[in-house]
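Visitor: When you get a sec, could you give me coordinates for this:
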Amino acid sequence: MTAAATTRTRPNLSVRIGKLVMRNPVTTGSGTFGFGSEVAGLVDLNRVGAVCVKATTTHERVGNPPQRIVETPSGMLNAIGLQNGGVENYLAEKAPFLRNFDCPIIVNVPGENPDDFADVTRRISEAGAADAIELNISCPNVSHGLDYATDPRLTAEVVAACRRVTDLTLIAKLSPNVTDIRPVARAAEQAGADAVSLINTLVGTSIDARTRRFRLANITGGLSGPAIKPIALNLVYRVAQTVHVPIIGMGGIMNATDAVEFLLAGATAVAVGTVSFVNPLAVHEVAEGIEAYLVENGFADVSEIIGAVHT
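Guide: This next block holds a predicted model:
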């Protein structure tokens, strides 16, 4: 078989989320990949489906005091507190670096109120410094970080405010720390979100029995890693039955099989996060593994397995 024929028979991995087109359905979890420059010596950013960068706020944030990360069985707790250099720093330094690579950029945007979310979204959009905005309405380790993800009305306010100031793909990042995630997802969709991403981390804590102290200075942090995968997978499936916009699934994805399970549950794309701390190349390995799964099972396009789980 010729090289050209081999290329033609490879399955199509590209997916579309609003206006965002990804060469493969694998992006990075915000906060686990820095701003790209931190891992560019290890990872070929030109092969990544999209790079979702660390949270970017109106002003510089120093984050929470240490200790800010604690390893747990099958995961980790983090209470970083959205440390970043602020939107001006992102526009001046981070975005120009990333634009050297052939990969879409998703910027994670937190905010104190709807106007705050909208201001950062507008500035990034006007500068052409992103291809999509992930609205971080669900950060569990800053004061009031969960307010906008636990109330559908507040979720809608944030999404609508940002929708008015940008034509970029808007992704609402949802929290598992709610009684029912589906009304929040519906509110985001109805307010103009092009997609939803889920799940953000679960609230947890850790105590050192020897010292009788909390291990995190913030007391609580966000639990991520393989321990939360069953929860994430269930919520992705439930939300996929509720909304019509694409879903970016995340939460405990360690390998390609995990990613395929999320696609089968209804996710259009997936994000690898905590695994990058132990294997920075996971973002490539997961994409390659999805392709191998499609070949082995006779699928020509990744869209054929999205939501294809049998009930």
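
Visitor: Tell me the buried residues in stretch 165-185?
Guide: 165-166, 168-178, 181-182, 184-185 (16 or more other Cβ atoms under 10 Å). Quick note: C-beta positions are derived from backbone N, CA and C, even for glycine.

Visitor: any low-confidence regions in the stretch 51-200 of the chain?
Guide: 141-145 (pLDDT under 70).

Visitor: which residues of it fall in strands?
Guide: 51-53, 69-72, 75-78, 105-109, 132-136, 169-173, 195-198 (DSSP state E, counting those that start in this stretch).

Visitor: Now render those strands as JSON lines, adding distance to residue 15.
Guide: Formatted as JSON lines, those follow (distance: least, Cβ to Cβ, whole Å):
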{"stretch": "strand 51-53", "distance to residue 15": "14"}
{"stretch": "strand 69-72", "distance to residue 15": "32"}
{"stretch": "strand 75-78", "distance to residue 15": "27"}
{"stretch": "strand 105-109", "distance to residue 15": "13"}
{"stretch": "strand 132-136", "distance to residue 15": "12"}
{"stretch": "strand 169-173", "distance to residue 15": "12"}
{"stretch": "strand 195-198", "distance to residue 15": "11"}
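
Visitor: Of all those, which one is nearest residue 151?
Guide: strand 169-173 (12.9 Å; Cβ to Cβ).

Visitor: Show me the contact partners of that closest one.
Guide: 17-20, 30, 106, 108, 121, 131-138, 149, 155, 158-159, 162-163, 185, 188, 192-198, 200, 248 (Cβ atoms under 8 Å, 6 or more residues apart in numbering).

Visitor: next one: stretch 93-103
Guide: Residues outside stretch 93-103 that contact it (Cβ under 8 Å, 6+ apart): 35-37, 40, 45-51, 53, 56, 85, 105, 124, 127, 129-130.

Visitor: Helices - which of those land there?
Guide: residue 124 (DSSP state H).

Visitor: of the contacts of stretch 93-103, buried ones?
Guide: 35-36, 40, 45, 47-51, 53, 56, 85, 105, 124, 129-130.

Visitor: Look at residue 6 and report its pLDDT.
Guide: On pLDDT, residue 6 comes in at 45.

Visitor: Might you specify the subset of the buried residues of stretch 165-185 located within helices?
Guide: 182, 184-185.
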